[in-house]
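Asker: output the structure for:
(2 chains)
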Amino acid sequence: MTDRRATIKLIMAAAAAVPALRARANYTDNLEPGAAPPGSLREFVPTMDGYGPDPDLIKAYEKGAFWPLTLDLQQRQLAAALSDLIIPADEHSPSASAVGVVDFIDEWISAPYPQQRADRDTVLGGFTWLDGEAQRRSEQPFAKLSESQQRAICDPVCDLSRAPADLQAPARFFALYRNLTAAGFYTTAAGRKDVQYIGNVPLKQFDGPPLELLRKLGLA
Amino acid sequence: MPFVTASTQRGPYDVIIVGSGAGSGQAAYTLCMEGVRVLMLEAGRRYTPAHETPMFQTPDMAPLGGADTTDKNKGFYDATVDGGWDMPGEPYVSLPDKWGSHFTWWRARMLGGRTNHWGRISLRNGPYDFKPRSRDGLGFDWPITYDDVAPYYDKVELLIGVYGGETSLENTPAGPGGTLLPPPKPIVSDHLLMKYAPRFGIPVLPGRRAVLTRAQDHRTIPAKLHPGNPRAQRILAEAMRKRSPCLWATACGRGCAVAANYQSTTVHLPPALATGNLDIITDAMVYEVTLGKNGRATGVRFVDATTGRHEHATGRVVVLGASALESARILLNSKSGGFPNGLANSSGRVGRYILDTVGSSVSGQIPLLESLPPLNDDAADGLQVYVPWWLYRQQLAHKLPFPRGYHIEYGGGRHLPSVGTFSGLEWLTGGSYGRKFKEDARRYYGSFIGFDGRGAMVPNDDCYVDIDPKVKDRFGIPVLRFHWQWGESEQRQAVHMQETFGEIIESMGGRMASPVITDPVKAIAPGGYMIHEVGGTIMGADARSSVTNRWSQTWDVPNVFVADGGVFPYNADKNPTLTIMALSWRMSDHILERMRRREI
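Answerer: Reported below is the predicted structural model:
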């Protein structure tokens, strides 16, 4: 138990706030009254390893094109196991790791930007906690556990609002990791197909929704 | 050779224009079409939308799935390059002493400036918006009326291409008819608003954006815009033929390689260049307007960012269109014996009365929109419909706790999944993962709607910029220091937005992740977030209380004009860009007239 508490403490220290990945981020999320807003004195902070303010927007980039990926083999196995626990293969689409989500997450947590650096601490701290729990319960790394064993570890932390007080930090990690997994998965062709996104194609005209659908919804 | 350098410029020029965005682009267009020789100076690099726009790239092709970073503040594929809230080597100072007094400043150092990425929302100011003080006693009246500007709104809409609909609603002019392109068809979530908003007495109108929903009429428009000028007509017709109508795909904020929306680089500058009368120097950071012994401006000084050398460009007239606050900065930094506090600043009002737009947003999840069949909701990339301010009468009768109104920019639909689309769903899913998470993603995708309130701001004495006594940018140019404070009017307006949006969402059977914000201090977005900053060289009826006159001409120096949002003495809820262009065209006509009379 001592080990677990120490690990949690470590994560608590490292973990940032709830990941702010939402498309419509509310400005009040990351700006508390009295706190200095981000970048209050606009001095230049070099991001020497980033892609800079004027990257080529046309070419398609491999993961790690701008900065090296940093997860080791064991971490990548854990990343794949957790990503696939969150987004497994089903009749609609492949699993997260099958479409490159591990590389996506590796690129994310290896990036030089402030948000990603904070996320790195949360993710690596979470990995330590997950493997620690797996070892404690089954004397094996998380990636080697059965799905039911993995779920037994993740169920208590899968919803931050219901997680017990001593598991808040792992729950924050899990929320971030699920966001990142979903971000990596649904931005691929397989993910777009899974949710049946059919846009981003040039059209001669835009017809709007079919009338029968509007009628069915009571909107026409 | 229209793109020149400091050493190959072909002066003397009739007019020097600083900047290349909406106001500058319009001025260059109007002046060059009438034979005036113009030199345009742009601080950023040359930018070519036809070759540089990521039209159909998907987020998986970008680093970090295209997420916002400190290098690309609005995402990897945002058209803005060399710009954003933070720019390497170009600091500014904002004093964050307490909540609500911070200002954050978006800049774009690139040809075309912010027009490359803007939202293209093109609303006309109405008659009340030009005479707000006459109506409720607050702020300042413009020295011009809606009727003065209306012909120029007509012209700009015909030139750039704006879709919209007819309306007779109070203070919401649509134009005389015939200037607008047809609006896009509403998507499912728009129909939802069209059903529920009227139950609150809230009107829903077709949106108004600078997007070509069909090809422009290149046969008739050029003659309307340039009567008696066959050469200009020919050049414009050719330019219009080169623009494609909307492809109904890919976000306008990336820019448009086929020129289906307005950006200065695709609409204003190509015909201006085709006249042969426009020279452009890019990477030219202007910092000073130079003054001759006769009290007239002689030109501008700039740093050539490619060589670091200080250069001088001369002309009969100087037009500042560097963006409202950058133009104020140039004037404040142009000190001389006659103008110890900055050029054209005898009133002390340069940098004063800066304004932004009130912003407040609420999003909701709508069960009716869950698990819809596949639909292409790309449309023209948003604002198929919008809500104009609807409570003018209640406001006039003092039945609302704030004096000025807002409009609602509304959106929903099944859009290209981005890194944030499926984030933070726990409040709906209870923290699902595994097969259930994939089912939840399918269920909730496209079931969200968003309300963005965009409101008027009454000018106040606490909002201004001056020159920081210490900090300089990488060119050695002293930088701006911001002073900012929202008024209670704006804060109460933001609460009204929150409560109204919450009520509409609930009436739709929708739910929100968290309650609406009723704390007036927190409900409003920080200054600058809306990127609608205007004022700082405000126009007025006399030289004591304003910087520019009804022609956007500085009172103090008759051959210096301001073509950007700096001249706004009031920022109505209507997004400023269309008005900037209309005023710039009007200003340019005046410059032409004065030049013909040899007065400048």
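Asker: give me the phi and psi for residue 127.
Answerer: Here I'm looking at chain A. Backbone torsions of residue A:127, given as degrees, to the nearest 10, read phi -60, psi -40.
Asker: what does the model give it for pLDDT?
Answerer: Looking at residue A:127, its pLDDT stands at 98.
Asker: and it, what does it touch?
Answerer: By CB atoms under 8 Å, 6 or more residues apart in numbering or on different chains, residue A:127 lies in contact with A:75, A:78, A:79. All C-beta spots, glycine's among them, are computed from the backbone N, C-alpha and C.
Asker: if we use 7 Å, what do you get?
Answerer: For residue A:127, the contact set (CB atoms under 7 Å, 6 or more residues apart in numbering or on different chains) comprises A:75, A:78.
Asker: contacts for stretch B:251-262, please.
Answerer: Under the contact criterion CB under 7 Å, 6+ apart, stretch B:251-262 has outside partners B:49-50, B:53-55, B:74, B:77-79, B:115-117, B:120, B:160-161, B:210-212, B:242-247, B:263, B:266-267, B:381.
Asker: can you flag the buried ones in those residues?
Answerer: B:49, B:53-55, B:74, B:77-79, B:115-117, B:120, B:160-161, B:210-212, B:243, B:245-247, B:263, B:266-267, B:381 (16 or more other CB atoms under 10 Å in any protein chain shown).
Asker: how close does residue B:113 sit to residue A:123?
Answerer: To residue A:123, residue B:113 is 38 Å away according to CB to CB, to the nearest Å.
Asker: neighbour count for the two, which is higher?
Answerer: Neighbours of residue B:113 and residue A:123, each counted by other CB atoms under 10 Å in any protein chain shown, are more numerous for residue B:113; the result is 32 against 26.
Asker: got the confidence number for the more buried one?
Answerer: Reading off the model, residue B:113 has pLDDT 98.
Asker: burial count for the residue lying closest to it once chain neighbours are set aside?
Answerer: With CB to CB, 6 or more residues apart in numbering or on different chains as the criterion, residue B:113 has its nearest non-adjacent residue at 3.2 Å, and that residue is residue B:21. Neighbours of residue B:21 under the rule other CB under 10 Å: 31.
Asker: what's the answer for residue B:439, then?
Answerer: 15.
Asker: and whichever helix or strand it is part of, average pLDDT?
Answerer: Assigned by DSSP states H and E, residue B:439 belongs to helix B:435-444. Taken as a whole, helix B:435-444 carries a mean pLDDT of 98.
Asker: just stretch B:261-273 next, same as before
Answerer: In this model, stretch B:261-273 carries a mean pLDDT of 98.
Asker: repeat that for stretch B:319-329.
Answerer: In this model, stretch B:319-329 has a mean pLDDT of 98.
Asker: what residues are up against the residue nearest to residue B:113?
Answerer: Residue B:21 sits next to B:112, B:113, B:114, B:115, B:264, B:321, B:323 when contact means CB under 7 Å, 6+ apart.
Asker: OK, contacts around residue A:66?
Answerer: When contacts are counted by CB under 7 Å, 6+ apart, residue A:66 touches A:50, A:51, B:63.
Asker: so which of the residues you listed wins on neighbours?
Answerer: Among those, residue B:63 has the most neighbours (other CB under 10 Å), with 25 neighbours.
Asker: re the thing from before, any chance of the contacts of residue B:21 in CSV, plus secondary structure?
Answerer: Formatted as CSV, the contacts of residue B:21 follow (DSSP: H, G, I helix; E, B strand; the rest coil):
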residue, secondary structure
B:112, coil
B:113, helix
B:114, helix
B:115, helix
B:264, helix
B:321, coil
B:323, coil
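Asker: could you tell me which of these count as buried?
Answerer: The neighbour-count test (16+ other CB under 10 Å) applied to the contacts of residue B:21 identifies B:112, B:113, B:114, B:115, B:264, B:321, B:323 as buried.
Asker: which one of the residues you listed is nearest to residue B:583?
Answerer: The closest of these to residue B:583 turns out to be residue B:321 (CB to CB; 10.7 Å).
Asker: show me the contacts for the closest one.
Answerer: Going by CB under 7 Å, 6+ apart, residue B:321 touches B:17, B:18, B:19, B:21, B:23, B:24, B:27, B:327, B:563, B:564.
Asker: try 8 Å this time
Answerer: Contacts for residue B:321 (CB under 8 Å, 6+ apart) come out as B:17-21, B:23-24, B:27, B:327, B:562-564, B:584.
Asker: nearest to chain A among those?
Answerer: Closest to chain A out of these is residue B:20 (16.6 Å), distances taken as CB to the nearest CB.
Asker: these two touch, right, that closest one and residue B:109?
Answerer: No. Using CB atoms under 8 Å, residue B:20 makes no contact with residue B:109, being 10.4 Å away.
Asker: so between those two, which is more surrounded?
Answerer: Between residue B:20 and residue B:109, counted using other CB under 10 Å, the more crowded position is residue B:20 (29 against 24).
Asker: if I look at the closest residue to residue B:489 other than its chain neighbours, how far off is residue A:197?
Answerer: Among residues not flanking residue B:489 along the chain, residue B:402 sits closest, at 4.7 Å (CB to CB, 6+ apart). Using CB to CB, residue B:402 is found at 40 Å from residue A:197.
Asker: what residues does the stretch 151-300 of chain B have near chain A?
Answerer: B:184-188, B:191-192, B:194-195, B:246-250, B:254 (CB under 8 Å from any CB of the partner chain).
Asker: distance of residue B:421 from residue B:184?
Answerer: Distance from residue B:421 to residue B:184, by CB to CB: 22 Å.
Asker: the residue nearest the centre of chain A in helix, strand or coil?
Answerer: Among the residues of chain A, residue A:180 comes closest to the average C-alpha position under CA atoms, centre = their mean, at 1.5 Å. In three-state terms, and counting by three-state DSSP, residue A:180 is helix.
Asker: can you count the residues close to residue B:182?
Answerer: Residues lying near residue B:182 (other CB under 10 Å) number 11.
Asker: burial count for residue B:492?
Answerer: 18.
Asker: correct me, but it touches residue B:402?
Answerer: Yes. Residue B:492 is within contact range of residue B:402, at 4.2 Å (criterion: CB under 8 Å).
Asker: in JSON lines, list the buried ones among the contacts of residue B:21 along with distance to residue B:554.
Answerer: Formatted as JSON lines, these follow (distance: CB to CB, whole Å):
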{"residue": "B:112", "distance to residue B:554": "25"}
{"residue": "B:113", "distance to residue B:554": "21"}
{"residue": "B:114", "distance to residue B:554": "23"}
{"residue": "B:115", "distance to residue B:554": "24"}
{"residue": "B:264", "distance to residue B:554": "23"}
{"residue": "B:321", "distance to residue B:554": "13"}
{"residue": "B:323", "distance to residue B:554": "17"}
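Asker: ok, the residues you listed vs residue B:101, which is closest?
Answerer: Closest to residue B:101, out of all of those and judged by CB to CB, is residue B:323, at 21.6 Å.
Asker: three-state assignment of whichever residue of the stretch 51-200 of chain B sits closest to chain A?
Answerer: Scanning the stretch 51-200 of chain B for the residue nearest chain A gives residue B:185, at 3.2 Å (criterion: CB to the nearest CB). Here residue B:185 is recorded as coil under three-state DSSP.
Asker: show the pLDDT at it.
Answerer: For residue B:185, pLDDT reads 98.
Asker: can you find the helix or strand of chain A with the lowest average pLDDT?
Answerer: helix A:2-14 (a mean of 38; mean pLDDT, DSSP states H and E).
Asker: where in chain A is pLDDT low?
Answerer: For chain A, the stretches flagged by pLDDT under 70 are A:1-48.
Asker: repeat that with 80
Answerer: The model of chain A has pLDDT under 80 over residues A:1-49.
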